[in-house]
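Enquirer: got a predicted model here, sequence first, then my questions.
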Amino acid sequence: MRNNLALSARNYFGEENLDRVHLLRKDASWLEARLRDPGSVFLPFRNLQPLLTEERQLVPLSAHDLQVRDLPIAPVLLGVREERAYFAVDLPKTHGLLLDTGTFQDLRDATLQIPRADSSLLAYAKAMLYWNRQHQFCGVCGAPTLSEEAGHMRQCTNPDCQTHHFPRTDTAVITMVTCQDKGLLARQASWPQGMYASIAGFLEPGETLEHAVAREVQEEIGLKVNVVQYHSSQPWPFPASIMVGFTAEVESTHMHLDPQEIEDARWFTRQELKELVASGEIKLPPALSISYRLIQDWLTEKDNV
């Protein structure tokens, strides 16, 4: 039987490695004590890029190091690990942080060199900082919002509105399409030369995940899905998505591509794909992506039966 929880943990950014202490977010005295605690860890970001050493290690700083009281966006509580509170902080360009301990680096580029538990923590931090940045004004009336619940809620300051805003994640489905012993990979024109990946697209309102898989496959490659099976999921903070992975069996290999979405799509046997990847003719998505995991699990499926 497939252990979907274990599969999701195998995906990059998929490790849940701290207690999110959701009840304590509302406890102002507890939060204040953690902000003063010299043992609390603050993870600095600038332009949504984390501060990392040259060896791609975290640079944990203290409240004193960062002068967190002076930040334009309040620190966001991530949770507690080994009795230490972890916060994400969004530093303005003008912040006078000395960078002799590291540099701000793109998380997507650095992930494969970061310890897996740390990359999950940074992905969570990046997503929360992005949401707080994007919701500094109320989407209902346009008034400024204030951070509440340690950055996990923003409240409208208009007394006639007072809407509570909570973090949102954009849901996307991503699917390894198969037909008997063949798997399908496709590419968009904007991708690096030779790179092929799984079929993906965003969930639409009023749609189940399974229907989204069937619709995306129909729209992009013109094939009817017969069977959909959940595989695993992956937080994807670029900028704020959750990728929900599936496998889908279709009834035919005869494709009708949407040229606005798909430049090319090809069917492969497992052996053909392994040989083409080994020769360099076909490139797979980066190893940090769930698309890579879906493809690799399909390639080794027969070996594990």
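Expert: Received it, and whenever you're ready, just let me know what you need.
Enquirer: for E216, see how far away V227 is.
Expert: Distance of V227 to E216, computed by CB to CB, to the nearest Å: 15 Å. C-beta coordinates here come from the backbone N, C-alpha and C atoms, glycine included.
Enquirer: name the residue in the two with the higher neighbour count.
Expert: The residue with more neighbours, out of V227 and E216, is E216; 25 against 12, by other CB atoms under 10 Å.
Enquirer: T269 contacts C179, correct?
Expert: No. The pair T269 and C179 fails to qualify as a contact (CB atoms under 8 Å) at a distance of 11.0 Å.
Enquirer: going along the chain, name the helices of the stretch 1-150 of the chain.
Expert: With helices called from DSSP state H, counting those that start in this stretch, the stretch 1-150 of the chain shows them at 4-10, 28-36, 63-66, 107-110, 116-134.
Enquirer: would JSON lines of those with distance to H254 be doable?
Expert: Shown next, in JSON lines, are the helices of the stretch 1-150 of the chain (distance: least, CB to CB, whole Å):
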{"stretch": "helix 4-10", "distance to H254": "31"}
{"stretch": "helix 28-36", "distance to H254": "59"}
{"stretch": "helix 63-66", "distance to H254": "59"}
{"stretch": "helix 107-110", "distance to H254": "36"}
{"stretch": "helix 116-134", "distance to H254": "39"}
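Enquirer: okay, now the unreliable bits of the stretch 1-150 of the chain?
Expert: Applying pLDDT under 70 to the stretch 1-150 of the chain flags residues 1-2, 67-70, 72, 94-100.
Enquirer: and the strands in it?
Expert: Listed in chain order, the strands of the stretch 1-150 of the chain (DSSP state E, counting those that start in this stretch) span residues 41-46, 49-52, 76-81, 84-90, 103-104, 145-148.
Enquirer: then the third one to PDB, C-alphas only?
Expert: Backbone C-alpha positions of strand 76-81 (Å, rounded to 0.1, in the frame of the first residue of the first chain) are rendered in PDB as follows:
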ATOM      1  CA  VAL A  76       6.300  36.000  11.700                       C
ATOM      2  CA  LEU A  77       6.300  33.100  14.200                       C
ATOM      3  CA  LEU A  78       7.000  29.800  12.400                       C
ATOM      4  CA  GLY A  79       6.800  27.500  15.400                       C
ATOM      5  CA  VAL A  80       9.000  25.800  18.100                       C
ATOM      6  CA  ARG A  81      11.700  23.300  17.600                       C
END
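Enquirer: quick check: buried residues in it?
Expert: Within strand 76-81, the residues scored as buried using 16 or more other CB atoms under 10 Å are V76, L77, L78, G79, V80.
Enquirer: quick check: angle from that strand to helix 28-36?
Expert: Direction vectors for strand 76-81 and helix 28-36, defined by axes from the mean of the first three to the mean of the last three CA atoms, to 10 degrees, enclose an angle of 80 degrees.
Enquirer: packing partners for strand 76-81?
Expert: Using 3 or more CB pairs under 8 Å, 6 or more residues apart in numbering; DSSP states H and E, the elements in contact with strand 76-81 are strand 84-90, helix 116-134.
Enquirer: kindly present the ones you listed as JSON lines, with separate columns for distance to L299 and mean neighbour count.
Expert: Shown next, in JSON lines, are the helices and strands packed on strand 76-81 (distance: least, CB to CB, whole Å; neighbours: other CB atoms under 10 Å):
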{"stretch": "strand 84-90", "distance to L299": "36", "mean neighbour count": "23"}
{"stretch": "helix 116-134", "distance to L299": "22", "mean neighbour count": "21"}
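Enquirer: thank you kindly, that will do.
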